[in-house]
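> Coordinates only, no sequence provided:
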């Protein structure tokens with residue numbers, strides 16, 4: 001698979017990371033794996049473009065979830 005080959009190219013980078021950073025990096029690569037079919041449908045000639053878009057999509061979804069949670073908390077905690 002093209003994605004896995006691209007991820008393998010980052011091996012030197014990963015080896016230089018601290019343990020907690022390695023875990024975060026692996027989560028980013030898992031985001032790429034989750035969206036591999038969508039990335040393939042985009043037919044981008046540069047694999048890393050699709051990888052970055054997958055990561056951005058996951059981050060956007062996480063931000064939206066955090067914002068929604070904050071709004072719910074504000075509604076609960078606001079004095080009436």
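Cool, got the structure. Just so you know, these numbers come straight off a predicted model, no measurement behind them. Numbering: from 1, shown residues only.
> pLDDT score assigned to the closest residue to residue 51 other than its chain neighbours?
Nearest residue to residue 51 in three dimensions, chain neighbours excluded: residue 32, at 4.6 Å (CB to CB, 6 or more residues apart in numbering). All C-beta atoms are positioned from the backbone trio N, CA, C, and that covers glycine. Looking at residue 32, its pLDDT stands at 95.
> mind listing the helices in this structure by residue range?
2-8, 11-15, 19-34, 36-41, 47-77 (DSSP state H).
> Serialize these to JSON lines and add fields for mean neighbour count.
Putting the helices of the chain into JSON lines (neighbours: other CB atoms under 10 Å) gives the following:
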{"stretch": "helix 2-8", "mean neighbour count": "13"}
{"stretch": "helix 11-15", "mean neighbour count": "10"}
{"stretch": "helix 19-34", "mean neighbour count": "13"}
{"stretch": "helix 36-41", "mean neighbour count": "14"}
{"stretch": "helix 47-77", "mean neighbour count": "12"}
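> worst average pLDDT in the ones you listed?
helix 36-41 (a mean of 87).
> Let me see the contact set for the residue nearest the centre of the chain.
By CA atoms, centre = their mean, the chain has its centre lying nearest to residue 55, at 2.9 Å. When contacts are counted by CB atoms under 8 Å, 6 or more residues apart in numbering, residue 55 touches 28, 31, 32.
> what's the answer for residue 44, then?
Contacts of residue 44 (CB under 8 Å, 6+ apart): residue 50.
> Next, it: phi, psi?
Per-residue torsions, residue 44: phi -80, psi 130 (degrees, to the nearest 10).
> same deal with residue 16?
Per degrees, to the nearest 10, the backbone of residue 16 is at phi -80, psi -10.
> cool, and residue 45?
Torsion angles at residue 45 (phi, psi; degrees, to the nearest 10) stand at phi -70, psi -20.
> I'd like the distance between it and residue 68.
For residue 45, the distance to residue 68 equals 36 Å [CB to CB, to the nearest Å].
> and if you look at residue 35?
Taking CB to CB, one finds residue 35 at 21 Å from residue 68.
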